[in-house]
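>>> turn this into a model:
(chains A and B)
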Amino acid sequence: MAKRIDVSGLSAYYGGHKAIDDISMTVEPRSVTAFIGPSGCGKSTFLRTLNRMHEVTPGGRVEGKVLLDDENLYGSGVDPVAVRRTVGMVFQRPNPFPTMSIFDNVAAGLRLNGTHKKNELKDIVEKSLRGANLWNEVKDRLGKPGSGLSGGQQQRLCIARAIAVEPQVLLMDEPCSALDPISTLAIEDLIGELKERFTIVIVTHNMQQAARVSDRTAFFNLAAVGQPGKLVEIDETERIFSNPSVQATEDYISGRFG
Amino acid sequence: MTSATPTADVPPPPPRTDAPSAISGRAIRPGDRIFLGLSRGSGIALLVIMGAITAFLTYRSVIAISGDHANFFTTFDWNATGTEPKFGIAVLAFGTVVSSLIAMVIAVPVAVGIALFISHYAPRKLASPLGYVIDLLAAVPSIIYGLWGALFLVPHLTGLYSWLDDYLGWTGIFRYGDGAARSLFTVGILLAIMILPIVTSVSREVFLQVPRMHEEAALALGATRWEVIRMSVLPFGRSGIISASMLGLGRALGETMAVATVLSPSFLIGASLLDPGGGTFAQNIASKFNEADEFGRDALIASGLVLFVITLLVNGAARLIIARRKEYSGAAS
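This is a model prediction of the structure:
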């Protein structure tokens, strides 16, 4: 259920503006890889190229290759819709479907995939909500709208929705930045459990969080505002935070800039 | 604003003598007070005007209905002159409601389709000119629609109506003789075209306001464009579509000139919607008002009151529908 990601020579554009330049990296299966770096360095953009969400932005365009095991996501004849069913995503702000109940939110992706049998849906919804550590809090109100939950619960609902379709990879774009510390802790614990089953990539501004949850960390930077973002280095998290091989990484992590 | 007019109504500077410190004292400043007065005054004026209209309509209606020698609600006739006036709104209520319903059934799906095309399918270069054209249609005066309906639509619909008669004539509703197509159904089609722009442009505005994150939620699950629309856009836009439809329905119910130009009125309710005949409140008022005497006008005003009540009921029903969906509305999150 988890696949390796191999990125080579990937650049992404917004119209004429190049947002990220020539990125190559490997993401190991069943591990957590964190992306850190200053705002505007393109880490979110890069994340969105991994499930072909970048191109839904008007003017969004990608060059290069992303291999999921051996299949190029940007190969000709690859359906972006099918890619997004394989590579799930959790966003910065919790975005449950406001008009759907908790149950229907989790079942939404399954229904898109053609699962309509009631019993089957019920089982998977329960399993996914348990997987997202949310089952005990919502099991008595599955028919209520998801927008009635707290922010942290909504974000776990979104995680349940994403894992319900059993993706190969789970992308998380600053999933805790809108949450309080306790909800953040709940999500971080959850990430630790989910990596047993999924390949996880997480963008975060919180370096303690990267240090806590990730196995490997990639540091992105940009030469100047308006310049495309670049991958500076990717390594074992422990090494990045103790003894990185590039000076810029050391400066960023220890809070010295420029 | 100079000192040349010493008697000008400039408010005197606020007294400061009893202000013990810089932050105490009256919290309302002159600007706030003026604005408060203006906005409160406007609100009260609105209520007074509404009340006056209602009182006027009711007063004249009571005169008319008490002088009616037939049942005002069930009579199929309009004869508001002479010593024994007999008139009723049955035909008008039927014609108004039926023609507006036909208009809604045709216009709302088409309008939602156009709005979705403009907001989610059309390339951006095509979308904005298309939006302008739609808005332009709303600016065409209704008499122009009426003339177009009478001179173009009516002669060109006879073929369609004969065809409907051949295949669906057995239902009774679609039976068609060989008169001119100056029928309630033609009025419905014309009204549909007239309300299309307003329903389209309000729906389009709502669809464009769907938060990006709701659409991305669906996209990230592997939804196709149609599935994104079904999962995110339509649920978010539901109350907007209802409001848009109500605006359109309001226009259809009250439309006067276009209906009066196209319809060949009669005080009969036939089973067929395609045969000429029937009438609507607004059309009946417009065509009879000039020749009516004092009492005849009261009678017409009474029919206007009924239209007013129908419009109120429709709006109330729409609000109920919207309120019931509030718990699930996108605004909550």
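
>>> ok, now which ones touch the residue nearest the centre of chain B?
Residue closest to the average C-alpha location in chain B (Cα atoms, centre = their mean): residue B:250, at 1.6 Å. By Cβ atoms under 8 Å, 6 or more residues apart in numbering or on different chains, residue B:250 lies in contact with B:311, B:314-315. C-beta: built from backbone N, CA, C; applies to glycine.

>>> of those residues, which is the nearest to chain A?
Closest approach to chain A among those (Cβ to the nearest Cβ): residue B:315, at 23.3 Å.

>>> count the residues that sit near the closest one.
Other residues lying near residue B:315 total 15 when counted by other Cβ atoms under 10 Å in any protein chain shown.

>>> over to residue A:127?
16.

>>> so residue A:199 touches residue A:27, yeah?
Yes. Counting by Cβ atoms under 8 Å, residue A:199 does reach residue A:27; the two are 6.2 Å apart.

>>> what about residue A:50, how many residues close to it?
So residue A:50, with other Cβ under 10 Å, has 21 neighbours.

>>> quick one: it from chain B, how far?
To chain B, residue A:50 is 11 Å away according to Cβ to the nearest Cβ, to the nearest Å.

>>> ok, back up a step: who's more crowded, residue A:199 and residue A:27?
For residue A:199 versus residue A:27, neighbours defined as other Cβ under 10 Å are more numerous around residue A:199 (25 against 22).

>>> what sits opposite that one in the beta ladder?
Using DSSP bridges, the bridge partners assigned to residue A:199 are residue A:169.

>>> list the contacts for it?
So residue A:199 contacts A:2-5, A:27-31, A:168-170 (Cβ under 8 Å, 6+ apart).

>>> report the secondary structure state of residue B:175.
Secondary structure, DSSP: H, G, I helix; E, B strand; the rest coil: residue B:175 is coil.

>>> same question, residue B:159
helix.

>>> follow-up on the earlier one: now intersect the contacts of residue A:199 with the strands, please.
Of those, the ones assigned to strands by DSSP state E are A:5, A:27, A:169-170.

>>> most neighbours among these, which one?
Ranking these using other Cβ under 10 Å puts residue A:170 first, with 25 neighbours.

>>> touching, that residue and residue A:196? I think so.
No. The pair residue A:170 / residue A:196 is not scored as a contact, 12.0 Å apart, by Cβ under 8 Å.

>>> and the stretch 51-200 of chain A, which residues reach chain B?
A:51, A:53, A:56, A:58, A:81-86, A:88-89, A:91, A:93, A:95-100, A:108-109, A:112-113, A:145, A:147-148, A:154, A:158, A:161-162, A:165 (Cβ under 8 Å from any Cβ of the partner chain).

>>> enumerate every residue touching residue 247.
Here I'm looking at chain A. Residue A:247 touches nothing, counting by Cβ under 8 Å, 6+ apart.

>>> that answer is for a different chain, and I need it for chain B
B:195, B:198-199, B:202.

>>> so how many other residues sit close to residue 45?
Here I'm looking at chain A. Neighbours around residue A:45, by other Cβ under 10 Å: 23.

>>> nope, chain B please
Neighbours around residue B:45, by other Cβ under 10 Å: 10.

>>> for it, grab phi and psi.
phi -60, psi -40 (degrees, to the nearest 10).

>>> ok so, going back, which of the contacts of residue B:247 has the most neighbours?
Result: residue B:199 is most packed of those (other Cβ under 10 Å), 31 neighbours.

>>> that one contacts residue B:248, doesn't it?
Yes. Using Cβ under 8 Å, residue B:199 is in contact with residue B:248, at 4.3 Å.

>>> quick one: common contacting residues for these two?
In contact with both residue B:199 and residue B:248: B:107-108, B:111, using Cβ under 8 Å, 6+ apart.

>>> looking at the residues you listed, which are in strands?
Going by DSSP E, the strands hold none of those.

>>> quick one, strands of the stretch 151-258 of chain A?
For the stretch 151-258 of chain A, the strands defined by DSSP state E, counting those that start in this stretch cover A:169-173, A:199-203, A:216-222, A:229-236.
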